[in-house]
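A.B. asks: Need a 3D model of the sequence below.
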Amino acid sequence: MGKTYERIDGRLRSFIEEQPLFFTATAPLAADGTVNLSPKGLKGTLAVLDEHTVAYLDFAGSNAETIAHLRENGRITLMWCAFQGPPNIVRVHGRGEPVFRDDPRFPGLLARFPDVDPGNHGLRAVIVVTAELVRDTCGYAVPFMAYEEDRDLHAKRFAREDDASLDAYFTKKEHIATSLDGLPGLPLPLPPSTV
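C.D. replies: Below you'll find the predicted structure:
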């Protein structure tokens, strides 16, 4: 049976922080727009900032759908599943904002992720999500799966990039500056890193 929570604390916070994988879901306002669902991982790239706010690091990739949708309407859902231990699914429905590298808040937010070298992953933004609804459900149908380790491919690929080459990479990708539906995505040229 599902339960609604007023805040992210205690057992709920511990569960979220222990999961090696979570998912993000966003959509444009257009009824025929493309819904986006993305897996997120890499140890240390998610932080519970307070009882109503979570944040995660947004790294280089092939598109910027989440950023585009958040810039348009702010709606986002984050979901964690228990693949080990007791069954559980937690969803945080809320409002999200991409905080870009040239934003004065960026260095302070980045300090909340002390175990991650942002230069190794082509960091684009910190996504900050304010919870409007926090719920859990049983997760009885979620299979058991064992976490082995993070893949090192992303870090290996983007560690060799500097600001100029990263900007060139983003500029040549079709769905970075604009989404699949033509919404504004990552602002380019890429602001220089402030850290």
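A.B. asks: give me the element the residue sitting nearest the centre point of the chain is part of.
C.D. replies: The chain has residue 56 as the residue nearest its centroid, 4.6 Å off, counting by Cα atoms, centre = their mean. Element membership for residue 56, per DSSP states H and E: strand 53-59.
A.B. asks: between the longest strand anywhere in the chain and strand 53-59, how many degrees?
C.D. replies: Assignment by DSSP state E gives strand 123-137 as the longest strand of the chain. Interaxial angle of strand 123-137 relative to strand 53-59 (axes from the mean of the first three to the mean of the last three Cα atoms, to 10 degrees): 140 degrees.
A.B. asks: avg pLDDT for strand 123-137?
C.D. replies: Mean pLDDT, computed over strand 123-137, is 97.
A.B. asks: which helices and strands does that strand pack with?
C.D. replies: Here strand 123-137 touches strand 3-5, strand 53-59, helix 65-72, strand 75-81, strand 89-100, helix 106-110, going by 3 or more Cβ pairs under 8 Å, 6 or more residues apart in numbering; DSSP states H and E. Bear in mind the C-beta positions are built from the backbone N, C-alpha and C, glycine included.
A.B. asks: what's the offset of the fourth one from the middle of its chain?
C.D. replies: How far strand 75-81 lies from its chain's middle: 9 Å, per Cα atoms, centre = their mean, to the nearest Å.
A.B. asks: Report the angle between it and strand 123-137.
C.D. replies: 70 degrees.
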